[in-house]
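Undergrad: I'd like to go over a predicted model; first the sequence, then the structure.
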Amino acid sequence: MTLYWNRSVTMSKREAIEQLKTAVRLSPENVPLRVLLADALFEYGLFEDAEAEYENVLVYEPNNAKARLSLARACFQSGKYYKALVLTEDLLKTEEAPGGAWTLHARLLLNEGDVQKAVEQYKKGVAKDPAVADPNFAERLGIGMKNSPVVDGKLRHSTIERTNDSSIVETARTKFADVGGMEDIKEQIRMKIIYPYTHPETFRVYDKKVGGGILMYGPPGCGKTFLARATAGEINAKFISVGLHQVLDMWIGSSERNLHEVFEAARASKPCLLFFDEVDALAASRSDMRQTGGRHIINQFLSELDGVDSDNDGVVIMAATNAPWYLDAAFRRPGRFDRIIFVPPPDLEARASIFRLMLRSKPIENIDFELLASKSDKFSGADLMALVDEAVERKIAEAMKDGIPKPLTTKDLQNAAKNVKPSTAEWFHIAKNYATYSNADGIYDDIINYLKLK
Ligand SMILES: Nc1ncnc2c1ncn2[C@@H]1O[C@H](COP(=O)(O)OP(=O)(O)O)[C@@H](O)[C@H]1O
Ligand SMILES: [Mg+2]
(Lines give C-alpha, C1' and ligand atoms only; values in the text may rest on other atoms or scores of the structure.)
(Ligands and ions follow the chains in the order given, each with its own letter.)
Protein backbone atom coordinates (compact mmCIF):
# COMPACT_ATOMS: atom_id res chain seq x y z
CA MET A 1 0.00 0.00 0.00
CA THR A 2 2.70 2.44 1.05
CA LEU A 3 4.71 1.46 -1.96
CA TYR A 4 1.86 2.18 -4.30
CA TRP A 5 1.27 5.54 -2.69
CA ASN A 6 4.92 6.49 -3.02
CA ARG A 7 4.94 5.54 -6.62
CA SER A 8 1.94 7.64 -7.48
CA VAL A 9 3.52 10.65 -5.79
CA THR A 10 6.68 10.10 -7.79
CA MET A 11 4.70 9.82 -10.98
CA SER A 12 2.96 13.10 -10.41
CA LYS A 13 6.19 14.93 -9.73
CA ARG A 14 7.56 13.51 -12.90
CA GLU A 15 4.51 14.69 -14.76
CA ALA A 16 4.95 18.12 -13.25
CA ILE A 17 8.48 18.18 -14.57
CA GLU A 18 7.31 17.22 -18.04
CA GLN A 19 4.71 19.95 -17.96
CA LEU A 20 7.24 22.52 -16.81
CA LYS A 21 9.57 21.43 -19.59
CA THR A 22 6.85 21.94 -22.14
CA ALA A 23 6.04 25.33 -20.68
CA VAL A 24 9.69 26.37 -20.84
CA ARG A 25 9.88 25.22 -24.44
CA LEU A 26 6.93 27.43 -25.24
CA SER A 27 8.25 30.50 -23.44
CA PRO A 28 12.00 30.08 -23.18
CA GLU A 29 12.54 33.62 -21.89
CA ASN A 30 10.34 33.21 -18.85
CA VAL A 31 12.99 33.06 -16.14
CA PRO A 32 10.78 32.34 -13.10
CA LEU A 33 9.40 29.39 -15.02
CA ARG A 34 12.91 28.12 -15.64
CA VAL A 35 13.66 28.47 -11.93
CA LEU A 36 10.59 26.39 -11.12
CA LEU A 37 11.73 23.72 -13.53
CA ALA A 38 15.26 23.74 -12.14
CA ASP A 39 13.99 23.48 -8.55
CA ALA A 40 11.69 20.62 -9.51
CA LEU A 41 14.55 18.76 -11.19
CA PHE A 42 16.69 19.29 -8.11
CA GLU A 43 14.01 18.00 -5.78
CA TYR A 44 13.49 15.01 -7.98
CA GLY A 45 17.18 14.21 -7.66
CA LEU A 46 18.02 14.97 -11.29
CA PHE A 47 20.98 17.08 -10.26
CA GLU A 48 22.73 17.26 -13.61
CA ASP A 49 19.56 18.35 -15.35
CA ALA A 50 18.97 20.87 -12.58
CA GLU A 51 22.53 22.11 -13.05
CA ALA A 52 21.94 22.70 -16.75
CA GLU A 53 18.66 24.49 -16.07
CA TYR A 54 20.16 26.79 -13.41
CA GLU A 55 22.87 27.64 -15.91
CA ASN A 56 20.15 28.60 -18.35
CA VAL A 57 18.60 30.85 -15.72
CA LEU A 58 21.96 32.54 -15.23
CA VAL A 59 22.26 33.29 -18.90
CA TYR A 60 19.34 35.64 -18.44
CA GLU A 61 20.10 36.77 -14.91
CA PRO A 62 23.81 36.35 -14.29
CA ASN A 63 23.61 38.02 -10.88
CA ASN A 64 20.72 36.03 -9.50
CA ALA A 65 22.32 35.01 -6.19
CA LYS A 66 19.74 32.39 -5.36
CA ALA A 67 20.15 30.69 -8.70
CA ARG A 68 23.92 30.84 -8.34
CA LEU A 69 23.70 29.10 -4.99
CA SER A 70 21.29 26.51 -6.35
CA LEU A 71 23.63 25.83 -9.24
CA ALA A 72 26.52 25.28 -6.83
CA ARG A 73 24.31 22.98 -4.75
CA ALA A 74 23.33 20.96 -7.80
CA CYS A 75 27.01 20.55 -8.69
CA PHE A 76 27.76 19.51 -5.12
CA GLN A 77 24.99 16.93 -5.21
CA SER A 78 26.20 15.37 -8.43
CA GLY A 79 29.73 15.20 -7.07
CA LYS A 80 31.19 18.01 -9.14
CA TYR A 81 32.98 19.41 -6.12
CA TYR A 82 35.48 21.47 -7.98
CA LYS A 83 32.89 23.33 -10.00
CA ALA A 84 30.79 23.77 -6.87
CA LEU A 85 33.77 25.27 -5.12
CA VAL A 86 34.55 27.74 -7.88
CA LEU A 87 30.91 28.84 -8.02
CA THR A 88 30.58 29.16 -4.26
CA GLU A 89 33.75 31.14 -3.78
CA ASP A 90 32.65 33.42 -6.57
CA LEU A 91 29.30 33.97 -4.94
CA LEU A 92 30.86 34.65 -1.56
CA LYS A 93 32.68 37.62 -3.06
CA THR A 94 29.37 39.38 -3.65
CA GLU A 95 27.21 41.33 -1.25
CA GLU A 96 24.14 39.23 -2.01
CA ALA A 97 25.54 35.85 -0.96
CA PRO A 98 22.85 34.08 1.08
CA GLY A 99 23.73 32.29 4.34
CA GLY A 100 23.48 28.98 2.51
CA ALA A 101 26.52 29.91 0.43
CA TRP A 102 28.68 29.83 3.58
CA THR A 103 27.37 26.50 4.77
CA LEU A 104 27.85 25.01 1.32
CA HIS A 105 31.38 26.39 1.34
CA ALA A 106 31.86 24.71 4.72
CA ARG A 107 30.82 21.35 3.25
CA LEU A 108 33.20 21.76 0.36
CA LEU A 109 36.04 22.74 2.67
CA LEU A 110 35.37 19.74 4.84
CA ASN A 111 35.67 17.61 1.73
CA GLU A 112 39.08 19.10 1.17
CA GLY A 113 40.03 18.31 4.74
CA ASP A 114 40.20 21.94 5.83
CA VAL A 115 38.14 21.53 8.97
CA GLN A 116 39.12 24.74 10.70
CA LYS A 117 38.07 26.90 7.79
CA ALA A 118 34.91 24.82 7.40
CA VAL A 119 33.91 25.50 10.99
CA GLU A 120 34.52 29.21 10.49
CA GLN A 121 32.41 29.36 7.34
CA TYR A 122 29.63 27.31 8.86
CA LYS A 123 29.38 29.69 11.80
CA LYS A 124 29.31 32.72 9.51
CA GLY A 125 26.51 31.19 7.49
CA VAL A 126 24.39 30.45 10.54
CA ALA A 127 25.03 33.94 11.91
CA LYS A 128 23.77 35.40 8.67
CA ASP A 129 20.76 33.13 8.38
CA PRO A 130 19.89 30.84 11.33
CA ALA A 131 17.62 28.81 9.04
CA VAL A 132 20.63 27.23 7.37
CA ALA A 133 21.81 25.56 10.58
CA ASP A 134 22.19 21.81 10.19
CA PRO A 135 22.81 19.91 13.45
CA ASN A 136 24.02 16.76 11.68
CA PHE A 137 26.56 18.66 9.72
CA ALA A 138 27.60 20.68 12.77
CA GLU A 139 28.22 17.37 14.47
CA ARG A 140 30.46 16.24 11.64
CA LEU A 141 32.37 19.46 12.08
CA GLY A 142 32.85 18.63 15.73
CA ILE A 143 30.92 21.66 16.90
CA GLY A 144 29.54 20.99 20.38
CA MET A 145 30.57 17.35 20.49
CA LYS A 146 32.55 15.31 22.96
CA ASN A 147 33.69 12.57 20.59
CA SER A 148 34.74 14.85 17.85
CA PRO A 149 36.00 13.28 14.64
CA VAL A 150 38.34 16.22 14.49
CA VAL A 151 41.74 16.05 16.11
CA ASP A 152 43.97 19.13 16.15
CA GLY A 153 41.96 20.71 13.42
CA LYS A 154 42.34 17.68 11.17
CA LEU A 155 39.89 14.92 10.37
CA ARG A 156 40.66 11.56 11.88
CA HIS A 157 39.67 9.83 8.71
CA SER A 158 39.86 11.55 5.42
CA THR A 159 36.44 11.98 3.89
CA ILE A 160 37.86 12.22 0.43
CA GLU A 161 37.98 9.18 -1.73
CA ARG A 162 40.62 8.98 -4.37
CA THR A 163 41.00 6.63 -7.24
CA ASN A 164 43.88 6.04 -9.54
CA ASP A 165 42.16 5.05 -12.73
CA SER A 166 41.20 8.55 -13.80
CA SER A 167 42.38 7.65 -17.25
CA ILE A 168 42.03 4.47 -19.20
CA VAL A 169 44.18 3.67 -22.15
CA GLU A 170 41.98 2.27 -24.91
CA THR A 171 42.73 0.73 -28.24
CA ALA A 172 40.36 2.56 -30.54
CA ARG A 173 38.72 0.46 -33.20
CA THR A 174 36.35 3.10 -34.48
CA LYS A 175 37.29 4.64 -37.84
CA PHE A 176 36.07 7.62 -39.82
CA ALA A 177 33.99 5.20 -41.88
CA ASP A 178 31.89 4.57 -38.76
CA VAL A 179 31.09 8.27 -38.43
CA GLY A 180 28.15 9.25 -40.63
CA GLY A 181 28.46 12.45 -42.68
CA MET A 182 30.62 15.31 -41.32
CA GLU A 183 32.92 15.13 -44.32
CA ASP A 184 34.30 18.64 -43.95
CA ILE A 185 35.07 18.08 -40.27
CA LYS A 186 36.85 14.83 -41.08
CA GLU A 187 38.87 16.70 -43.71
CA GLN A 188 39.90 19.37 -41.20
CA ILE A 189 41.03 16.66 -38.79
CA ARG A 190 42.97 14.94 -41.56
CA MET A 191 44.81 18.15 -42.40
CA LYS A 192 45.54 19.16 -38.86
CA ILE A 193 46.24 15.83 -37.20
CA ILE A 194 46.31 12.83 -39.48
CA TYR A 195 48.48 13.96 -42.43
CA PRO A 196 51.15 15.65 -40.29
CA TYR A 197 51.35 12.33 -38.54
CA THR A 198 51.29 10.01 -41.55
CA HIS A 199 53.18 12.25 -44.00
CA PRO A 200 55.50 14.45 -41.95
CA GLU A 201 57.95 14.79 -44.87
CA THR A 202 55.42 16.59 -47.06
CA PHE A 203 54.85 19.13 -44.32
CA ARG A 204 58.60 19.59 -44.02
CA VAL A 205 58.93 20.25 -47.75
CA TYR A 206 56.58 23.20 -47.39
CA ASP A 207 58.06 24.21 -44.07
CA LYS A 208 54.60 23.96 -42.59
CA LYS A 209 54.51 24.00 -38.82
CA VAL A 210 52.70 21.08 -37.24
CA GLY A 211 51.39 20.57 -33.73
CA GLY A 212 48.62 22.08 -31.70
CA GLY A 213 45.34 20.46 -30.96
CA ILE A 214 41.76 20.58 -32.09
CA LEU A 215 38.96 21.79 -29.91
CA MET A 216 35.48 20.66 -30.88
CA TYR A 217 32.37 22.33 -29.58
CA GLY A 218 28.68 21.99 -30.20
CA PRO A 219 25.45 20.59 -28.81
CA PRO A 220 25.65 17.35 -26.83
CA GLY A 221 25.27 14.02 -28.58
CA CYS A 222 26.48 15.18 -31.99
CA GLY A 223 29.59 13.10 -32.20
CA LYS A 224 32.48 15.02 -30.64
CA THR A 225 33.68 12.14 -28.50
CA PHE A 226 32.88 9.71 -31.27
CA LEU A 227 35.01 11.70 -33.76
CA ALA A 228 37.94 11.89 -31.34
CA ARG A 229 37.88 8.14 -30.86
CA ALA A 230 37.64 7.60 -34.61
CA THR A 231 40.62 9.90 -35.14
CA ALA A 232 42.67 7.67 -32.83
CA GLY A 233 41.44 4.68 -34.84
CA GLU A 234 42.53 6.28 -38.12
CA ILE A 235 46.14 6.66 -36.97
CA ASN A 236 46.19 3.41 -34.96
CA ALA A 237 46.94 5.34 -31.82
CA LYS A 238 45.94 4.51 -28.28
CA PHE A 239 43.09 6.59 -26.95
CA ILE A 240 42.85 8.19 -23.54
CA SER A 241 39.68 10.05 -22.70
CA VAL A 242 39.76 12.29 -19.68
CA GLY A 243 36.70 13.98 -18.24
CA LEU A 244 38.18 17.08 -16.70
CA HIS A 245 35.40 17.55 -14.17
CA GLN A 246 36.17 14.11 -12.92
CA VAL A 247 39.90 14.73 -12.70
CA LEU A 248 39.48 17.99 -10.86
CA ASP A 249 36.93 16.59 -8.44
CA MET A 250 38.71 13.43 -7.53
CA TRP A 251 41.88 15.23 -6.89
CA ILE A 252 40.87 18.41 -5.21
CA GLY A 253 44.05 19.68 -3.71
CA SER A 254 46.29 17.68 -6.00
CA SER A 255 44.78 18.25 -9.43
CA GLU A 256 48.04 19.57 -10.72
CA ARG A 257 49.90 16.39 -10.00
CA ASN A 258 47.09 14.40 -11.48
CA LEU A 259 47.07 16.37 -14.71
CA HIS A 260 50.76 15.71 -15.04
CA GLU A 261 50.14 11.99 -14.56
CA VAL A 262 47.54 11.99 -17.31
CA PHE A 263 49.98 13.56 -19.75
CA GLU A 264 52.71 11.17 -18.63
CA ALA A 265 50.41 8.20 -19.22
CA ALA A 266 49.84 9.44 -22.77
CA ARG A 267 53.57 9.96 -23.37
CA ALA A 268 54.19 6.43 -22.12
CA SER A 269 51.71 4.89 -24.58
CA LYS A 270 52.78 6.64 -27.78
CA PRO A 271 51.36 6.96 -30.32
CA CYS A 272 48.45 8.19 -28.31
CA LEU A 273 45.50 10.49 -28.74
CA LEU A 274 44.79 12.31 -25.53
CA PHE A 275 41.23 13.57 -25.44
CA PHE A 276 40.00 16.08 -22.90
CA ASP A 277 36.26 16.07 -22.52
CA GLU A 278 34.43 18.93 -20.79
CA VAL A 279 37.52 21.06 -21.11
CA ASP A 280 35.30 23.93 -19.92
CA ALA A 281 35.84 22.56 -16.41
CA LEU A 282 38.92 24.73 -16.48
CA ALA A 283 36.49 27.59 -16.70
CA ALA A 284 38.70 30.54 -16.13
CA SER A 285 36.91 33.20 -18.08
CA ARG A 286 33.76 32.77 -16.03
CA SER A 287 35.36 33.68 -12.76
CA ASP A 288 38.92 34.28 -11.82
CA MET A 289 38.91 30.74 -10.54
CA ARG A 290 39.52 29.98 -6.95
CA GLN A 291 41.62 32.60 -5.27
CA THR A 292 44.23 29.98 -4.71
CA GLY A 293 45.03 27.01 -6.82
CA GLY A 294 42.76 27.50 -9.79
CA ARG A 295 45.08 29.58 -11.85
CA HIS A 296 47.86 27.09 -11.18
CA ILE A 297 45.87 24.29 -12.71
CA ILE A 298 45.28 26.26 -15.85
CA ASN A 299 48.93 27.15 -16.09
CA GLN A 300 49.90 23.57 -15.45
CA PHE A 301 47.54 22.42 -18.16
CA LEU A 302 48.90 24.97 -20.62
CA SER A 303 52.51 24.09 -19.95
CA GLU A 304 51.76 20.38 -20.30
CA LEU A 305 50.15 21.24 -23.63
CA ASP A 306 53.17 23.24 -24.67
CA GLY A 307 55.31 20.27 -23.67
CA VAL A 308 57.69 22.63 -21.90
CA ASP A 309 59.15 20.09 -19.56
CA SER A 310 58.50 17.02 -21.62
CA ASP A 311 58.31 15.75 -25.12
CA ASN A 312 54.85 15.63 -26.65
CA ASP A 313 56.00 13.97 -29.89
CA GLY A 314 53.65 11.14 -30.73
CA VAL A 315 50.95 12.55 -28.48
CA VAL A 316 48.01 14.06 -30.31
CA ILE A 317 45.69 16.27 -28.36
CA MET A 318 42.00 16.90 -28.87
CA ALA A 319 39.38 18.41 -26.63
CA ALA A 320 35.66 18.95 -26.59
CA THR A 321 33.12 21.07 -24.79
CA ASN A 322 29.43 21.83 -24.90
CA ALA A 323 30.13 25.21 -23.29
CA PRO A 324 32.91 26.93 -25.24
CA TRP A 325 31.94 30.29 -23.74
CA TYR A 326 33.53 29.28 -20.45
CA LEU A 327 36.94 28.74 -21.97
CA ASP A 328 39.94 30.90 -21.30
CA ALA A 329 41.29 32.65 -24.40
CA ALA A 330 44.76 31.40 -23.49
CA PHE A 331 43.70 27.98 -24.73
CA ARG A 332 43.32 29.28 -28.27
CA ARG A 333 46.90 30.49 -28.76
CA PRO A 334 49.00 28.94 -31.54
CA GLY A 335 50.30 25.50 -30.66
CA ARG A 336 47.46 24.90 -28.23
CA PHE A 337 43.86 24.47 -29.33
CA ASP A 338 44.40 26.65 -32.34
CA ARG A 339 41.87 24.87 -34.51
CA ILE A 340 38.35 25.24 -33.24
CA ILE A 341 35.70 23.18 -34.92
CA PHE A 342 31.97 23.54 -34.58
CA VAL A 343 30.31 20.13 -34.62
CA PRO A 344 26.69 20.82 -35.61
CA PRO A 345 23.82 18.36 -35.54
CA PRO A 346 23.99 16.00 -38.52
CA ASP A 347 22.52 17.44 -41.72
CA LEU A 348 20.08 15.58 -43.97
CA GLU A 349 22.74 13.56 -45.73
CA ALA A 350 24.55 12.77 -42.50
CA ARG A 351 21.33 11.60 -40.87
CA ALA A 352 20.68 9.20 -43.73
CA SER A 353 24.14 7.74 -43.41
CA ILE A 354 23.91 7.55 -39.61
CA PHE A 355 20.68 5.57 -40.02
CA ARG A 356 22.46 3.28 -42.47
CA LEU A 357 25.32 2.77 -40.03
CA MET A 358 23.07 2.12 -37.09
CA LEU A 359 20.89 -0.36 -38.93
CA ARG A 360 23.65 -2.18 -40.76
CA SER A 361 23.72 -5.12 -38.36
CA LYS A 362 19.96 -5.37 -37.79
CA PRO A 363 17.24 -7.15 -39.76
CA ILE A 364 15.58 -4.52 -41.98
CA GLU A 365 13.22 -4.47 -44.93
CA ASN A 366 13.13 -1.80 -47.67
CA ILE A 367 14.11 1.10 -45.45
CA ASP A 368 13.63 4.53 -46.99
CA PHE A 369 16.66 6.20 -45.44
CA GLU A 370 16.07 9.53 -47.17
CA LEU A 371 12.56 9.74 -45.82
CA LEU A 372 13.73 8.97 -42.28
CA ALA A 373 16.43 11.60 -42.58
CA SER A 374 13.90 14.19 -43.70
CA LYS A 375 11.69 13.39 -40.70
CA SER A 376 14.45 13.82 -38.13
CA ASP A 377 15.51 17.43 -38.49
CA LYS A 378 17.39 18.81 -35.45
CA PHE A 379 18.06 15.31 -34.10
CA SER A 380 21.53 14.70 -32.70
CA GLY A 381 23.39 11.48 -33.40
CA ALA A 382 22.52 10.36 -29.90
CA ASP A 383 18.84 11.17 -30.53
CA LEU A 384 18.93 9.05 -33.68
CA MET A 385 20.42 6.24 -31.68
CA ALA A 386 17.63 6.57 -29.11
CA LEU A 387 15.09 6.46 -31.92
CA VAL A 388 16.51 3.27 -33.41
CA ASP A 389 16.66 1.76 -29.92
CA GLU A 390 13.02 2.56 -29.31
CA ALA A 391 12.00 0.93 -32.59
CA VAL A 392 14.08 -2.14 -31.82
CA GLU A 393 12.56 -2.51 -28.37
CA ARG A 394 9.06 -2.44 -29.79
CA LYS A 395 10.03 -5.02 -32.38
CA ILE A 396 11.39 -7.30 -29.68
CA ALA A 397 8.23 -6.87 -27.62
CA GLU A 398 6.19 -7.90 -30.69
CA ALA A 399 8.45 -10.88 -31.27
CA MET A 400 7.89 -11.95 -27.67
CA LYS A 401 4.16 -12.00 -28.32
CA ASP A 402 3.96 -13.87 -31.62
CA GLY A 403 7.29 -15.67 -31.44
CA ILE A 404 8.44 -14.43 -34.87
CA PRO A 405 11.16 -11.78 -35.08
CA LYS A 406 10.22 -9.55 -38.00
CA PRO A 407 12.51 -7.07 -39.75
CA LEU A 408 12.34 -3.36 -38.98
CA THR A 409 10.45 -1.24 -41.49
CA THR A 410 10.40 2.44 -42.34
CA LYS A 411 7.04 2.67 -40.58
CA ASP A 412 8.49 1.22 -37.35
CA LEU A 413 11.17 3.88 -37.30
CA GLN A 414 8.75 6.66 -38.14
CA ASN A 415 6.54 5.60 -35.26
CA ALA A 416 9.47 5.55 -32.90
CA ALA A 417 10.42 9.04 -34.06
CA LYS A 418 7.17 10.33 -32.60
CA ASN A 419 8.39 9.36 -29.15
CA VAL A 420 11.87 10.83 -29.34
CA LYS A 421 12.26 14.58 -29.03
CA PRO A 422 15.25 16.25 -30.69
CA SER A 423 17.56 17.50 -27.96
CA THR A 424 19.61 20.16 -29.72
CA ALA A 425 17.19 23.11 -29.66
CA GLU A 426 17.93 23.99 -26.05
CA TRP A 427 21.66 24.24 -26.71
CA PHE A 428 21.13 26.54 -29.67
CA HIS A 429 18.90 28.74 -27.62
CA ILE A 430 21.71 29.35 -25.13
CA ALA A 431 24.41 29.45 -27.80
CA LYS A 432 22.53 32.12 -29.69
CA ASN A 433 22.72 34.42 -26.69
CA TYR A 434 26.47 34.06 -26.47
CA ALA A 435 26.94 34.31 -30.21
CA THR A 436 24.89 37.50 -30.30
CA TYR A 437 26.26 39.23 -27.22
CA SER A 438 29.81 38.00 -26.75
CA ASN A 439 31.20 37.19 -30.16
CA ALA A 440 33.97 39.74 -29.90
CA ASP A 441 36.67 37.75 -31.66
CA GLY A 442 34.26 36.09 -34.04
CA ILE A 443 34.68 32.64 -32.54
CA TYR A 444 30.97 31.92 -32.75
CA ASP A 445 30.60 32.90 -36.39
CA ASP A 446 29.99 29.26 -37.22
CA ILE A 447 27.01 29.19 -34.88
CA ILE A 448 25.60 32.37 -36.40
CA ASN A 449 26.05 31.04 -39.92
CA TYR A 450 24.48 27.78 -38.98
CA LEU A 451 21.44 29.48 -37.49
CA LYS A 452 21.04 31.68 -40.56
CA LEU A 453 21.09 28.72 -42.87
CA LYS A 454 18.39 27.02 -40.83
N1 LIG B 1 28.01 11.24 -37.09
C2 LIG B 1 27.72 10.16 -36.35
N3 LIG B 1 27.78 8.93 -36.90
C4 LIG B 1 27.48 7.84 -36.19
N5 LIG B 1 27.11 7.86 -34.89
C6 LIG B 1 27.03 9.05 -34.29
C7 LIG B 1 27.32 10.26 -34.97
N8 LIG B 1 27.16 11.29 -34.13
C9 LIG B 1 26.77 10.75 -32.94
N10 LIG B 1 26.70 9.40 -33.03
C11 LIG B 1 26.28 8.48 -31.98
O12 LIG B 1 25.81 9.23 -30.88
C13 LIG B 1 26.55 8.91 -29.72
C14 LIG B 1 26.80 10.17 -28.90
O15 LIG B 1 27.77 10.97 -29.52
P16 LIG B 1 28.98 11.62 -28.73
O17 LIG B 1 30.18 11.54 -29.56
O18 LIG B 1 29.07 11.04 -27.38
O19 LIG B 1 28.46 13.12 -28.62
P20 LIG B 1 29.14 14.37 -27.94
O21 LIG B 1 30.51 13.95 -27.51
O22 LIG B 1 29.15 15.41 -29.02
O23 LIG B 1 28.24 14.75 -26.80
C24 LIG B 1 27.83 8.28 -30.21
O25 LIG B 1 28.33 7.32 -29.29
C26 LIG B 1 27.44 7.63 -31.50
O27 LIG B 1 26.96 6.34 -31.27
MG1 LIG C 1 31.10 13.79 -25.50
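TA: Perfect, thanks for sending it. Ligands and ions are numbered 1, 2, ... in the order given.
Undergrad: so how far is L71 from L108?
TA: L108 is 14 Å from L71, where distance means Cβ to Cβ, to the nearest Å. Every C-beta, even on glycine, is put in place using the N, C-alpha and C of the backbone.
Undergrad: what do you get for A106?
TA: Distance of A106 to L71, given as Cβ to Cβ: 18 Å.
Undergrad: higher neighbour count, these two?
TA: Neighbours were counted for A106 and for L71 using other Cβ atoms under 10 Å; A106 has more, 29 against 26.
Undergrad: quick one: contacts for that one?
TA: A106 sits next to A118, V119, Q121, Y122, G125, F137, L141 when contact means Cβ atoms under 8 Å, 6 or more residues apart in numbering.
Undergrad: who in the chain is up against ligand 1?
TA: Residues of the chain found near ligand 1 (Cβ under 6 Å from any ligand atom) are 179-182, 220-226, 320, 346, 350, 354, 357, 381-382, 385.
Undergrad: show me what the one helix or strand A373 maps to is in contact with.
TA: Element membership for A373, per DSSP states H and E: helix 369-374. With Cβ under 8 Å, 6+ apart as the test, helix 369-374 has contacts from L348, E349, R351, A352, F355, R356, T410, L413, Q414, A417.
Undergrad: spatially, which two of those residues are the most separated?
TA: E349 and Q414 (19.0 Å; Cβ to Cβ).
Undergrad: in the stretch 151-300 of the chain, what residue lies closest to ligand 1?
TA: G223 (2.9 Å; Cβ to the nearest ligand atom).
Undergrad: not counting sequence-adjacent ones, nearest residue to that residue?
TA: G381 (4.9 Å; Cβ to Cβ, 6 or more residues apart in numbering).
Undergrad: check what pLDDT the one you found gets.
TA: Per-residue pLDDT puts G381 at 96.
Undergrad: in this protein, where is pLDDT below threshold?
TA: 1-11, 144-167, 246-256, 283-295, 308-310, 453-454 (pLDDT under 70).
Undergrad: interface residues of it facing ligand 2?
TA: K224, T225 (Cβ under 5 Å from the ion).
Undergrad: wait, R351 sits on C222?
TA: No. Using Cβ atoms under 8 Å, R351 is not in contact with C222, being 11.3 Å away.
Undergrad: okay, now the residue of the stretch 1-150 of the chain found nearest ligand 2: neighbour count?
TA: Closest residue of the stretch 1-150 of the chain to ligand 2, Cβ to the ion: E48 (13.7 Å). Counted with other Cβ under 10 Å, the neighbours of E48 add up to 14.
Undergrad: and the one 5 residues further on, by the same measure?
TA: When neighbours are defined as other Cβ under 10 Å, E53 has 28 of them.
Undergrad: so what's it up against?
TA: Neighbouring residues of E53 by Cβ under 8 Å, 6+ apart: R34, L37, A38, L41.
Undergrad: how much space separates it from M400?
TA: Distance of E53 to M400, given as Cβ to Cβ: 38 Å.
Undergrad: burial count for the residue of the stretch 151-300 of the chain closest to ligand 1?
TA: By the criterion of other Cβ under 10 Å, G223 has 26 neighbours.
Undergrad: kindly report the same for F42.
TA: Burial of F42 is recorded as 20 neighbouring residues (other Cβ under 10 Å).
Undergrad: same question, N415
TA: By the criterion of other Cβ under 10 Å, N415 has 14 neighbours.
Undergrad: before we move on, back to that, inside helices: which ones of the contacts of A106?
TA: A118, V119, Q121, Y122, G125, F137 (DSSP state H).
Undergrad: next up, the contacts around the closest residue to the fifth one other than its chain neighbours.
TA: The shortest distance from G125 to any residue other than its chain neighbours is 3.0 Å, reached at W102 (Cβ to Cβ, 6+ apart). Each residue near W102 by Cβ under 8 Å, 6+ apart is listed here: L92, Q121, Y122, K124, G125, V126, K128, V132.
Undergrad: and if you look at R34?
TA: V24, E53, N56, V57, Y60.
Undergrad: which residues sit against stretch 129-138?
TA: Residues from elsewhere that reach stretch 129-138 (Cβ under 8 Å, 6+ apart): P98, G99, G100, W102, T103, A106, R107, Y122, G125, V126, G144.
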